[in-house]
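>>> kindly generate the corresponding structure for this input.
(2 chains)
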2 protein chains.
Amino acid sequence: MRALVFDGSLRLVSDYPEPRRKPGESLIRPKAAGICNTDLEIIDGYMGYSGVLGHEFVGVVVESDQASLKNKRVVGEINLSCGRCDLCNAGMRTHCSSRTVLGIMGHPGVMADLCTLPDSNLHEVPENLSDEAAVFCEPLAAAFEILVQVPVEPGHRVIVLGDGKLGLLVAQVMKSTGADVLLAGHSREKLSLARDWSILTVLTDSLRTEAADVVVDCTGSTKGFEMALELVRPRGVIVVKTTTADKFSINLAPLVINEITVVGSRCGPFEPALKALADGSVRVAEMITKVFPMEQALEAFDVASRPETLKVIIRM
Amino acid sequence: MRALVFDGSLRLVSDYPEPRRKPGESLIRPKAAGICNTDLEIIDGYMGYSGVLGHEFVGVVVESDQASLKNKRVVGEINLSCGRCDLCNAGMRTHCSSRTVLGIMGHPGVMADLCTLPDSNLHEVPENLSDEAAVFCEPLAAAFEILVQVPVEPGHRVIVLGDGKLGLLVAQVMKSTGADVLLAGHSREKLSLARDWSILTVLTDSLRTEAADVVVDCTGSTKGFEMALELVRPRGVIVVKTTTADKFSINLAPLVINEITVVGSRCGPFEPALKALADGSVRVAEMITKVFPMEQALEAFDVASRPETLKVIIRM
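Numbering: from 1, shown residues only, chains lettered A, B, ... in the order given. Coordinates of the predicted model:
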C-alpha cells in the first residue's frame, strides 16, 4: 500500500506492508489526514518515532469484529491503552503506562491506504460533517480537554497565547463558555481570522499585564510560559499546551508568591469536539490552507512547515 | 527601642525609633520571634528589603482600639492588605496588589521591642501553648495552605521533598490527612526526627520514581521542581513551596504529556495551625535548635544559617 514514512528521512512509498488488525481492532481506510505540528516535530526528531506518520484523520472502517462499525465513517482517539494497568483502571486510559500512540509512538499512523485502531477508540462521524472538518476532531478534542481540567465560566478573562492552529481552536472553545477571550499572536492574517469569529485579538508585542483568570499557552515556544506567568492574576490558572524538546530558563518564585496553578493539557474528549464541528459552533473551514492529494504528501509537509500556513490536509 | 535591622548589613541597634500604630492597628510587644529561611534570603538580598527583620512571632498587645485585644498574647498574619481592591474584594487579601508584608516588604518586622499589625491580622494564642511553639504558627499556616489548595485524602501517596523546617511541618500536615507520606531529604538527623513522628523517610539520593499523587517541593533548591516532575504520577499534583531568586533550566514537555498540575503555595490559614499546635497533633518542640536572647541576635542568625540547624528562636 501507499504510505508516508519517516525513518530519519521522509519518504512516500508505494509498497509498504499492509497493517493487520488484532482482535478488537478495526481496519480503516483513511480518507483524509491533517498535518499537525507534532508531525513536523517528529520529522525534526521529537519522540524518536519511526514509521507511518499521521494521527489526525477521518476514514472508513473496512474490517471489524463490530458489525455496527463496518463501512462507517469514523474518527479515532490516538492513544492505544492496555485497559488493565492501574492508570487504565483509574479511568486514565490516555495515560496508560504501556500505551502506544497512533503515528507518534509505537503504532503506525494514518497517512497510508490502511491503518488500525481499537474499536473502542472510534467515533462515527455525523453525515453532515465534511471529511476536511472531521480531520479537526482530534486537535479540537485536545482544546476541549482544557474544559475538563479547568472551570472556565462566563465573564472569566481568558488569554490564549499563540495564533497557530491550536490557538485558533482553543480560543473558539474558550469563547464557547461565555468567557471574555483575548487571542494574542504574531500574524495579522491569523488574528484577522479570529476577529471574523468575533474573538478579540492583540499582537503579542502589544500585550500588557492583563490579570487574566486563565492563560492558555499554545505558542509552541519556550517563551510562552514565562509570558503566561506575567499575564495571569494571583491564584489564576496557566494551561500549558506547548510541548517542545527544548529546555528554557525560568524563575518559579512568581508562581509561588502569586499562588498560580499550572495545568499540563494533552488529548481530550471527542464527543464535544464532534458536536461542535457538526453544529458549526467551532469554525474550521477557514483554517484549511491547502488540501493535497496523497501523491503530493512531501510537498504538503513542505507547505505545512511554513510559518504562515494553518492546516494542511492530505487526501488519500 | 532595640531592633534587629538589615539595611545592606545586619545590625542590632538600641535606639531604633518606636513604630506608631495607625487606626485599626495594634501596637505589639513581641515576646519571641523565629528565624525563617526568608529572613536568611533577605540578608542575601532577596526582595530588596531594608528595615526591621522578622515575621514569625508571638507577642502581647500593648495598645489597640479593640478593647478585647488589650494585653492578649497573639500571633499575626503577615500580609497587610488594603481591603478595597479587586483582589481583597474577591477574598484574596494575601494577594492584595498594594499589600505590605511584615518584615519582608514595606512594613517593619517583629525582631524589635515593638511592632504593629492590623487588629484583623491578630489571633489570640491559647493559654496552654508555649511562646516557642506559637512562633511556629506562621510557617505551619503556610503548610496548611496546601490543604486549602489541593484535596489530599487517606491513601494518597504524598512525597515531601526537603527535610528542612518547612518540609518537617508539611510532612506532618500531610500525614494528618491520612495520606501515605514519604519525606525525602539529605540529613540523617532531620529525617530521624520525622521517623520519631512515624513518618516514612528516605535519603533523596535513594529516591526512585514513585508515581506519587502529590509531591510537595520544600527543598528551597532549584533541583526540587525537576525532581518532583519525575516523581509525580500522570495527572498528579506538584505543590511548589520553594522560592529562590535563582533561574533554572527546565523542559516542560513531561508536564504536558503527563497532564501534571503545579500549584504555587504561600501563606495560609492560622486557625488550623493554632489548633494543631495546641492539641499537639503537629510537633514542633523537637525542631528548635536553640533559643537566643535578643542581645545575641547576630549569633542567632549565624547559627540559623548553618545547614544542620532547624529553628532558631530569638527571645525579646
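
>>> contacts, neighbours, all on C-alpha from now
Will do.

>>> so what's residue A:312 up against?
A:34-35, A:288-292, A:300-301, A:303-304 (CA atoms under 8 Å, 6 or more residues apart in numbering or on different chains).

>>> oh sorry, the question was meant for residue A:295
residue A:12.

>>> I'd assumed it was in a strand, is it?
No. Per DSSP: H, G, I helix; E, B strand; the rest coil, residue A:295 lies outside any strand segment and is helix.

>>> of the contacts of residue A:312, which pair is most distant in space?
A:288 and A:301 (13.8 Å; CA to CA).

>>> between those two, which one's more packed in?
Ranked by neighbour count (other CA atoms under 10 Å in any protein chain shown), residue A:288 and residue A:301 place residue A:301 first, with 20 against 17.

>>> once you drop chain neighbours, what's closest to the most centrally placed residue in chain A?
Nearest to the mean C-alpha position of chain A, by CA atoms, centre = their mean, lies residue A:139 at 2.6 Å. Residue nearest to residue A:139 in three dimensions, not counting chain neighbours: residue A:166, with 6.9 Å by CA to CA, 6 or more residues apart in numbering or on different chains.

>>> where does the one you found land in three-state SS?
Residue A:166 is classified as helix under three-state DSSP.

>>> again with residue A:29
strand.

>>> what about the residue lying closest to it once chain neighbours are set aside, neighbour count?
Leaving aside its sequence neighbours, residue A:29 sits nearest to residue A:114 (CA to CA, 6+ apart; 4.7 Å). Counted with other CA under 10 Å, residues neighbouring residue A:114 total 25.

>>> my guess is residue A:114 contacts residue A:27, does it?
Yes. With contact defined as CA atoms under 8 Å, residue A:114 reaches residue A:27; the gap is 6.8 Å.

>>> if we can go back for a sec, list only buried entries from the contacts of residue A:312.
Burial by neighbour count, 16 or more other CA atoms under 10 Å in any protein chain shown: within the contacts of residue A:312 this picks out A:34-35, A:288, A:291-292, A:300-301, A:303-304.

>>> any figure for the gap between residue A:232 and residue A:191?
21 Å (CA to CA, to the nearest Å).

>>> neighbour-wise, which of the two wins?
residue A:232 (26 against 23).

>>> which ones are touching the more buried one?
A:209-215, A:238, A:260.

>>> quick one: secondary structure of residue A:4?
Residue A:4 - assigned by three-state DSSP - is strand.

>>> quick check: next helix or strand after the one helix or strand the residue nearest to the centre of chain A maps to?
Under the criterion of DSSP states H and E, residue A:139 resides in helix A:137-149. Moving toward the C-terminus from helix A:137-149, the next helix or strand (DSSP H and E) is strand A:157-161.

>>> so what touches that following strand?
Contacts of strand A:157-161 (CA under 8 Å, 6+ apart): A:167, A:170-171, A:174, A:179-185, A:204, A:212-219, A:224, A:228.

>>> centre of the chain to it, how far?
How far strand A:157-161 lies from its chain's middle: 18 Å, per CA atoms, centre = their mean, to the nearest Å.

>>> now do the phi/psi pair for the residue of chain A most remote from its centre.
No residue in chain A sits farther from the centre than residue A:257, which is 32.6 Å out by CA atoms, centre = their mean. When read as degrees, to the nearest 10, the backbone of residue A:257 gives phi -60, psi -40.

>>> hmm, residue B:266 and it touching each other?
Yes. Applying CA under 8 Å, one finds residue A:257 in contact with residue B:266, separated by 6.0 Å.

>>> for residue A:106, list the residues it contacts.
A:49, A:100.

>>> assign a three-state SS to it, would you?
Residue A:106 ends up strand, using three-state DSSP.

>>> ok, the one 3 residues further on next?
Three-state assignment for residue A:109 (three-state DSSP): coil.

>>> what packs against the lowest-mean-pLDDT helix or strand in chain A?
Using mean pLDDT, DSSP states H and E, strand A:248-250 stands out as the lowest-scoring helix or strand of chain A, at a mean of 86. Strand A:248-250 sits against strand B:248-250, with contacts defined as 3 or more CA pairs under 8 Å, 6 or more residues apart in numbering or on different chains; DSSP states H and E.

>>> ok, residues contacting the strand it packs on?
A:247-251, B:222, B:226.

>>> just stretch A:172-183 next, same as before
Residues contacting stretch A:172-183 (CA under 8 Å, 6+ apart): A:143-144, A:152-163, A:167, A:171, A:191, A:194, A:199-202, A:281-283.

>>> ChimeraX command for the buried members of those residues?
The following ChimeraX line selects those of the contacts of stretch A:172-183 that are buried, judged by 16+ other CA under 10 Å:
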select /A:143,144,152,153,156,157,158,159,160,161,162,163,167,171,191,194,199,200,201,202,282,283
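
>>> quick check: residues of the stretch 51-200 of chain A near chain B?
For the stretch 51-200 of chain A, the residues in contact with chain B (CA under 8 Å from any CA of the partner chain) are residue A:95.

>>> in the stretch 51-200 of chain A, what residue comes closest to chain B?
Distances between the stretch 51-200 of chain A and chain B by CA to the nearest CA are smallest at residue A:95, namely 6.4 Å.

>>> and that residue, how far from residue B:40?
Relative to residue B:40, and taking CA to CA, residue A:95 is found at 42 Å.

>>> the more surrounded of these two?
Legend: neighbour count by other CA under 10 Å for residue A:95 and residue B:40, higher for residue A:95 (23 against 16).

>>> residue contacts, the more buried one?
If you count contacts by CA under 8 Å, 6+ apart, residue A:95 has them with A:81, A:87-88, B:234, B:258.

>>> same thing but at 7 Å, please
Neighbour list for residue A:95: A:87, B:234, B:258 [criterion: CA atoms under 7 Å, 6 or more residues apart in numbering or on different chains].

>>> tally of neighbours for the closest residue to residue A:126 other than its chain neighbours?
Among residues not flanking residue A:126 along the chain, residue A:278 sits closest, at 7.0 Å (CA to CA, 6+ apart). Residues lying near residue A:278 (other CA under 10 Å) number 19.

>>> show me where chain A dips below the pLDDT cut-off.
Where chain A drops to pLDDT under 70, the residues are A:245.

>>> so residue A:26 is in contact with residue A:64, correct?
Yes. Contact criterion CA atoms under 7 Å: residue A:26 and residue A:64 qualify, at 4.4 Å.

>>> ok, the two, which is more surrounded?
residue A:26 (26 against 22).

>>> any idea which helix or strand comes after the host helix or strand of the more buried one?
In the assignment (DSSP H and E), residue A:26 maps to strand A:25-34. Sequence order places helix A:37-42 as the next helix or strand after strand A:25-34, per DSSP H and E.

>>> now do the domain split for chain A, please.
Domain assignment for chain A by automatic domain parsing gives A:3-136+A:284-315, A:140-264.

>>> mind checking which of the ones you listed is nearest residue B:6?
domain A:140-264 (22.0 Å).

>>> chain A: helices as residue ranges?
Taking DSSP state H as the criterion, chain A carries its helices at A:37-42, A:86-89, A:131-134, A:137-149, A:165-175, A:188-196, A:223-231, A:253-257, A:270-278, A:297-304.

>>> tell me the most buried of these?
Burial of these is given as mean neighbour count (mean count of other CA atoms under 10 Å in any protein chain shown); helix A:165-175 ranks first at a mean of 26.
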